[in-house]
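Student: Here is the input, now give the coordinates:
(one chain, ligands or ions: 1)
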Amino acid sequence: MKYKYDAVIIGGGASGLMCAVAAKQKNPQLTIAIIEKNDRVGKKLLSTGNGRCNLTNASVARERYVGSFQAKLEAVLSRYDTQHILKCFEALGLQAAQDSEGRYYPLCCQASAVLDVLRFACDRLGVDVFCGETIKSIKKQNEGFCVTSHENTFTARKLIIACGSKAAPKLGGSASAADYLKNLGHTVVPFSPALCPVKVDSGVLKALKGIRTAAAVTLTRGGKAIHSERGEVQFTENALSGICVFNLSLYTRPGDSITIDLCNDISDKELYSLLQQHQKLFAALPCDNLLTGIFHKRLAQAVMKSAGVQGFSRPCSDLTEDELRIIAHTAKHFTFTVKENSGFEQAQCAKGGVKGDEIDERTMQSKKCRILYVCGEAIDICGECGGYNLHFAFATGCIAGESL
Ligand SMILES: Cc1cc2nc3c(=O)[nH]c(=O)nc-3n(C[C@H](O)[C@H](O)[C@H](O)COP(=O)(O)OP(=O)(O)OC[C@H]3O[C@@H](n4cnc5c(N)ncnc54)[C@H](O)[C@@H]3O)c2cc1C
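Tutor: Numbers count the residues shown, from 1 in each chain. Coordinates of the predicted model:
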C-alpha cells in the first residue's frame, strides 16, 4: 500500500508517541503516522521503573546527564521542566506522585497507564499507527522522504527519527537510529551500554553472588575520584549491580576502580573501635567470626580475605592491632577493577547517538536537513537512573512534535 503523510515518525516508543500527540495537539490538521517495528507500540515503556514507570524527577538538571547534547540541555530542560511534563500527562489523563527521592510514578503505579494515555491520545487525535513494519529503506526526495517497508510505502514532508538506542533489544532496542542518521549525513557516536551492571575483576566476587548491601560506591581513575553514589550494591557472579552501580556505569572505562565503602555511616576510626569490641566479645572464636553482626557472613569472609588475614581458625584474640586496622580499612575501601559494562541486553540505556551539535535544541531539527527531526535516546545523551531518560524522551518528543 502507498501512504502520504505530513510527517512520519519512526519508532513508537516514549519519544515517538509523545511527538505524535504534541504535533496533533498543536496542529490538528497535520497527518501523522508512526511506524513501529514491534507488533505493538511502547513495549519498553511497559518495563520501565520495574513496571511502574518512573516518568520524571523533581530534580531534573543538566548535571544528571552525559553526552555531547549536554551543552544544549539547559534550553530543553528550562522549557520542558518537571512540571511541564507532569502537566502534559495530566492533560492526557494521567496523575503522578513523587516518592521520597523525587521520582515521579503514575498514581496507579502501573507503567501500562503511561502507555495507555499516550495510545488513547493517538487514537483520539487521529494518529495512524503501523506496527510490525520492517523498514527496508529511507530515501530523501526533493520535497520530503520516502520510507519503504516490506509491505508499504510512506511518503512524508517531514521525518522524525524516534527509534531509540540499542539498549534492551528484547524490548525493541536497535541500532537503526544510528544507521538511518548516518545515511542521512549525520555524525553518530557509536552506541555503548549504560545504566547496567559493571563487570569487574576479583577473586572474591563469585563467593558474593546474590548478596545485597547498603554502601557508598566511588569510581576512580588513576587515583582520582570520578563519581560517587550511595545505595544498595548487588553482587552477581561476575559484576557489581544495583542502581548506584548503574549510575557509575555512565562513566566507567576498563581499568578504572570501583571502591565500595561497606560502612559508609561510620568513619574508619569508629569501625576500628567497633572491631575492637567484637574482638573482645568473640575472643575465643575463630577469627572469621570477627565481622559477625556487621556484614553478611560470606561478605565478612571476603573482606577478611581481601585484608590478607591468614589462618581463619586463629581465635579473634590473636588478631593484632595492625590486622584490625587493615580489616577496617578494607571494609571501607573494598575495591574492584572494572573490566567493562555488561551488554545491551542488561542495559537500561545507551550512550551514543547523533552528535549533539548537529541538532537544533529549539526544535529538535537536524542541522543537516531541515525536514528531519530527532528525539529521545537516538541523541547522544544519557541520564542517570531516576526518571531522567524518560523525561528527556518526553521533552524532546514534545519539542519535535510542536515544531513540525
Ligand atoms: C528495563 C528498563 C527500565 C527503564 N526504566 C526507566 C525508568 O523508570 N525511567 C526512565 O527515565 N527511563 C527508564 N528506562 C529508559 C527509557 O525507557 C528510555 O530512555 C526511553 O524509552 C527512550 O525513549 P525513546 O523513545 O528514545 O526510545 P524507545 O522508548 O526505546 O522507543 C523506540 C521505539 O522504536 C522502535 N524501533 C526501533 N528500531 C526501529 C525500526 N528500525 N523501525 C521501526 N521502529 C523501530 C522500538 O521498537 C521502540 O518501540 C528504562 C529502560 C529499560 C530497558
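Student: residues from the protein in reach of the ligand?
Tutor: Neighbours of the ligand within the chain, by Cβ under 6 Å from any ligand atom: 10-16, 35-38, 43-45, 47-49, 53-54, 135, 162-164, 167-168, 171-172, 174, 176, 348-349, 376-378, 387-390, 393. In this view, the C-beta of every residue, glycine as well, is placed from N, C-alpha and C.
Student: which of the residues you listed count as buried?
Tutor: 10-16, 35-38, 43-45, 48-49, 53-54, 135, 162-164, 167-168, 171-172, 174, 176, 348-349, 376-378, 387-390, 393 (16 or more other Cβ atoms under 10 Å).
Student: count of residues packed around E143?
Tutor: Per other Cβ atoms under 10 Å, the neighbour tally for E143 reads 9.
Student: doesn't K158 make contact with it?
Tutor: No. Using Cβ atoms under 8 Å, E143 is not in contact with K158, being 10.4 Å away.
Student: so for stretch 168-182, what's the average pLDDT?
Tutor: Stretch 168-182 shows a mean pLDDT of 98.
Student: And whichever residue of the stretch 1-150 of the chain sits closest to the ligand, how far from K351?
Tutor: Of all residues in the stretch 1-150 of the chain, G13 sits closest to the ligand, at 1.7 Å by Cβ to the nearest ligand atom. G13 is 18 Å from K351, where distance means Cβ to Cβ, to the nearest Å.
Student: do the same with T48
Tutor: T48 is 18 Å from K351, by Cβ to Cβ.
Student: Next: L46.
Tutor: 24 Å.
Student: Look through the protein and tell me its longest strand.
Tutor: Of all segments of type strand in the chain, defined using DSSP state E, the longest is strand 224-235.
Student: contacting residues for the residue in the stretch 201-350 of the chain positioned nearest to the ligand?
Tutor: For the stretch 201-350 of the chain, the residue closest to the ligand is Q348, as judged by Cβ to the nearest ligand atom, at 3.7 Å. Residues near Q348 by Cβ atoms under 8 Å, 6 or more residues apart in numbering: A167, A168, A194, L195, C196, F246, C385, N389.
Student: and the fifth one, how far is that from R79?
Tutor: Right, the one you point to is C196. Taking Cβ to Cβ, one finds C196 at 30 Å from R79.
Student: Contacts only, for whichever residue of the stretch 251-400 of the chain sits closest to the ligand.
Tutor: For the stretch 251-400 of the chain, the residue closest to the ligand is G376, as judged by Cβ to the nearest ligand atom, at 2.3 Å. G376 makes contacts with G11, G13, A14, S15, G16, A162, G164, F392, A393, T396, G397, as judged by Cβ under 8 Å, 6+ apart.
Student: what do you get for I85?
Tutor: I85 neighbours (Cβ under 8 Å, 6+ apart): L55, T56, H391, F394, A395, C398.
Student: bridging residues for Q365?
Tutor: D360, Y373 (DSSP bridges).
Student: ok, it touching E402?
Tutor: No. With contact defined as Cβ under 8 Å, Q365 does not reach E402; the gap is 11.8 Å.
Student: Switch the contacts of G376 over to CSV; also include secondary structure, pLDDT and distance to A239.
Tutor: What follows is these, written out as CSV (DSSP: H, G, I helix; E, B strand; the rest coil; pLDDT from 0 to 100; distance: Cβ to Cβ, whole Å):
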residue, secondary structure, pLDDT, distance to A239
G11, coil, 98, 30
G13, coil, 98, 27
A14, helix, 98, 27
S15, helix, 98, 29
G16, helix, 98, 32
A162, coil, 98, 31
G164, coil, 98, 24
F392, helix, 98, 26
A393, helix, 98, 26
T396, helix, 98, 31
G397, helix, 98, 32
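Student: Identify the farthest-apart pair in those residues.
Tutor: By the measure Cβ to Cβ, G11 and F392 form the most distant pair in those, at 14.6 Å.
Student: so how many other residues sit close to K182?
Tutor: By other Cβ under 10 Å, 13 other residues sit near K182.
Student: Also G352?
Tutor: When neighbours are counted by other Cβ under 10 Å, G352 comes out with 26.
Student: re earlier: of all the contacts of G376, which comes closest to G102?
Tutor: F392 (16.0 Å).
Student: Pick out the least confidently modelled helix or strand of the chain, by mean pLDDT.
Tutor: Ranked by mean pLDDT, DSSP states H and E, the weakest helix or strand in the chain is helix 205-208, scoring a mean of 92.
Student: Can you tell me what sits against it?
Tutor: F235, E237, N238, R298, L299, Q301, A302, F336.
Student: nearest spatial neighbour of L319, skipping sequence neighbours?
Tutor: Spatially, and ignoring its direct neighbours in sequence, L319 is nearest to C287 (5.6 Å; Cβ to Cβ, 6 or more residues apart in numbering).
Student: can you tell me which residues contact the one you found?
Tutor: Here C287 is in contact with M304, V309, G311, F312, S313, R314, P315, C316, D318, L319 (Cβ under 8 Å, 6+ apart).
Student: and those residues, which are buried?
Tutor: M304, V309, C316, L319.
Student: Now secondary structure and pLDDT too, for those residues, in a markdown table please.
Tutor: Below are the buried ones among the contacts of C287 laid out as a markdown table (DSSP: H, G, I helix; E, B strand; the rest coil; pLDDT from 0 to 100):
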| residue | secondary structure | pLDDT |
| --- | --- | --- |
| M304 | helix | 95 |
| V309 | coil | 92 |
| C316 | helix | 95 |
| L319 | coil | 95 |
